[in-house]
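K.L.:
the sequence isn't on hand, but the structure is:
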């Protein structure tokens, strides 16, 4: 069974962070960064809790904007009809 409550963040072929949206101890999502390059880090802290707003901001920053000229073609190539920041992972 696929666990949709955790995911890894990739940079090229490397896992740069692991995110647990529902950690065992409850509370807010928990991030473990595996890289210390600030421009690629998922969150400013190497490890710790993060709010959903911060996750969504990061995802929006990493995804193409909905106003992009070829947005419809990109969405179609990903198998999507509409822009949804949470569903564009691979």
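P.N.:
Perfect, I can see it now. Fair warning: this is a prediction, and the values are worked out from it, not measured in the lab.

K.L.:
what's the pLDDT at residue 44?
P.N.:
What the model reports as pLDDT for residue 44 is 74.

K.L.:
on the three-state scheme, residue 54 is what?
P.N.:
Following DSSP: H, G, I helix; E, B strand; the rest coil, the label given to residue 54 is helix.

K.L.:
hmm, I was thinking of residue 28
P.N.:
Relying on three-state DSSP, one would call residue 28 coil.

K.L.:
repeat for residue 73
P.N.:
helix.

K.L.:
nearest spatial neighbour of residue 35, skipping sequence neighbours?
P.N.:
Of all residues not flanking residue 35 in the chain, residue 16 sits nearest, at 4.3 Å (CB to CB, 6 or more residues apart in numbering). To be clear about C-beta, it is placed using only N, CA and C from the backbone, and glycine gets the same treatment.

K.L.:
just the buried residues of the helix or strand harbouring the one you found, please?
P.N.:
Residue 16 belongs to strand 14-20 when assigned by DSSP states H and E. Neighbour counts over strand 14-20 (16 or more other CB atoms under 10 Å) mark 16, 17, 18, 19, 20 as buried.

K.L.:
no more questions from me, cheers.
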